[in-house]
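S.K.: got a predicted model here, sequence first, then my questions.
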Amino acid sequence: MTSCSGNCESCDVCGGARTANLKIAVLADEKGTPATPHTASQIMIFYRQGGAWTLYGLREFTPIKSASPSEARAQAEALAALTGDCACVAGQAISGIPFSVLNRRGRHIFELPALSQEALTGIAEEIARADAALTLSAAALKSAAPMPTGPPGEFAVDLAALTAQYPELSSKMILKPFFRNTPFEKLVIFCRHEPPWLARETAYQITRQQQADRLSVTVINNLETR
């Protein structure tokens, strides 16, 4: 993976510079496969270093087996303690008392069907957007998105201006939700330089045109072939 540039507009790794020191605790079985608090035998601590997620630590864990709510809560508290300073805990599924305890401890909680670099990066992006939502108003979040330009299905966004106005947001945080949720035909993106992750996108037809001190990137979505 590409190392984080430190520029949130073009960062190919993180969902925002504020997650650069993020540690993710993954509940796993003996094979390193994501597990639940009731089946996990270890906690794998991942930390992003040089643009890639690295195994930072490994902690043994006794699965939560107690049928008593009080004992289960005590075991869940022990689980929370083992995650240390990790802001996020991920596993195959986390619910019930373990979820309640971890949530009360302020942990971000994610389901993780399979462990991969891409999955961990996706978690970091979601955390970055959630953190940004805490500091931005609903109106600001709505405005930090591509806007219709007139003809049905056509949109445009000044990525350079938005990331300057809202430094909490990265290009992925602005564009990924739009790509997932909006049936568009054409999107014109104005930016200083094209985000590396967008340059590798193969689902759309993309053209580029340099305009003075900024780049115009046109994304065509062939809806009839999708």
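M.R.: Arrived safely. Numbering: from 1, shown residues only.
S.K.: all contacts plus neighbour counts: C-alpha atoms, from now on.
M.R.: Will do.
S.K.: report pLDDT for residue 173.
M.R.: Looking at residue 173, its pLDDT reads 82.
S.K.: over to residue 203?
M.R.: As predicted, residue 203 sits at a pLDDT of 87.
S.K.: so what's it closest to, chain neighbours aside?
M.R.: Nearest residue to residue 203, sequence neighbours excluded (Cα to Cα, 6 or more residues apart in numbering): residue 221, at 7.8 Å.
S.K.: could you do residue 157 as well?
M.R.: Distance criterion Cα to Cα, 6+ apart; nearest residue to residue 157, sequence neighbours excluded, is residue 146 at 4.5 Å.
S.K.: so the one you found sits against residue 155, correct?
M.R.: Yes. At 5.9 Å, residue 146 counts as touching residue 155 under the criterion of Cα atoms under 8 Å.
S.K.: shared neighbours of the two, anything?
M.R.: With contacts defined as Cα atoms under 8 Å, 6 or more residues apart in numbering, the residues shared by residue 146 and residue 155 are residue 187.
S.K.: would you map the strands across the protein?
M.R.: Taking DSSP state E, the strands of the chain run over residues 23-28, 42-49, 52-60, 88-91, 108-111, 147-148, 154-158, 186-191, 205-211, 214-220.
S.K.: okay, now the residue nearest to residue 157: neighbour count?
M.R.: Neighbouring residues of residue 146 were enumerated by other Cα atoms under 10 Å; the total is 20.
S.K.: same question for residue 203.
M.R.: Burial measure for residue 203: 11 neighbouring residues, criterion other Cα under 10 Å.
S.K.: distance of the residue nearest to residue 157 from residue 136?
M.R.: In this structure, residue 146 and residue 136 are 17 Å apart, going by Cα to Cα, to the nearest Å.
S.K.: and what of residue 31?
M.R.: Counting by Cα to Cα, the gap from residue 31 to residue 136 is 41 Å.
S.K.: and these two? Which one has more around it.
M.R.: residue 136 (14 against 8).
S.K.: show me what contacts the more buried one?
M.R.: Residue 136 sits in contact with no residue, where contact means Cα under 8 Å, 6+ apart.
S.K.: domain map for this protein?
M.R.: Structurally, the chain divides into domains by automatic domain parsing as follows: 17-133, 138-225.
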